[in-house]
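> predicted coordinates and the sequence they were generated for:
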Amino acid sequence: MRSVFLYTLARFVIFAVTAGVLALFGARGFLLLMLALLVSGVISYVLLSAQRDRLSAAVDGKWQRFQAGRTKEDA
C-alpha cells in the first residue's frame, strides 16, 4: 500500500505545483482548475511512469493473492 500512497501523493504535489504556476500566470477559477488538471495529468504521465508500474505490480500482486485465497476457500 506504500506505493499507492506515494503515487497519490506525487500526483497531488504535481497538481498543486502546476496550479500554483498557472495562478502566477494569471489563471483563475474554473480555468485554473481545468488547466491544472490537464497539464498535471500530462506531466504525471511522463514523470511518474516508473512509479505507476510499481503501483500496478503491487495492486496486481494483492489481487492475485486475493484470487488464490478465494479459489482455495471455494475448493
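Perfect, I can see it now.
> tell me where the model's unsure across the protein.
By pLDDT under 70, the weakly predicted segments of the chain are 73-75.
> kindly recompute the last result at 80.
Across the chain, residues meeting the criterion (pLDDT under 80) sit at 1, 70-75.
> tell me the helices and strands packed up against the lengthiest helix in it.
Secondary structure assigned by DSSP state H gives helix 49-74 as the longest helix of the chain. For helix 49-74, the elements it packs on are helix 2-24, judged by 3 or more Cβ pairs under 8 Å, 6 or more residues apart in numbering; DSSP states H and E. (Glycine included, C-beta is placed from N, CA and C.)
> what is the helix it packs on packed up against?
Helix 2-24 packs on helix 29-47, helix 49-74, going by 3+ Cβ pairs under 8 Å, 6+ apart.
> run the angle between that helix and helix 29-47 for me.
When axes from the mean of the first three to the mean of the last three Cα atoms, to 10 degrees is applied, the directions of helix 2-24 and helix 29-47 differ by 130 degrees.
> show me what counts as buried in helix 2-24.
Neighbour counts over helix 2-24 (16 or more other Cβ atoms under 10 Å) mark S3, Y7, R11, I14, F15, T18, A19, L22 as buried.
> quick check: the last one touching M34?
Spelled out, it's L22. No. At 9.9 Å, L22 does not count as touching M34 under the criterion of Cβ atoms under 8 Å.
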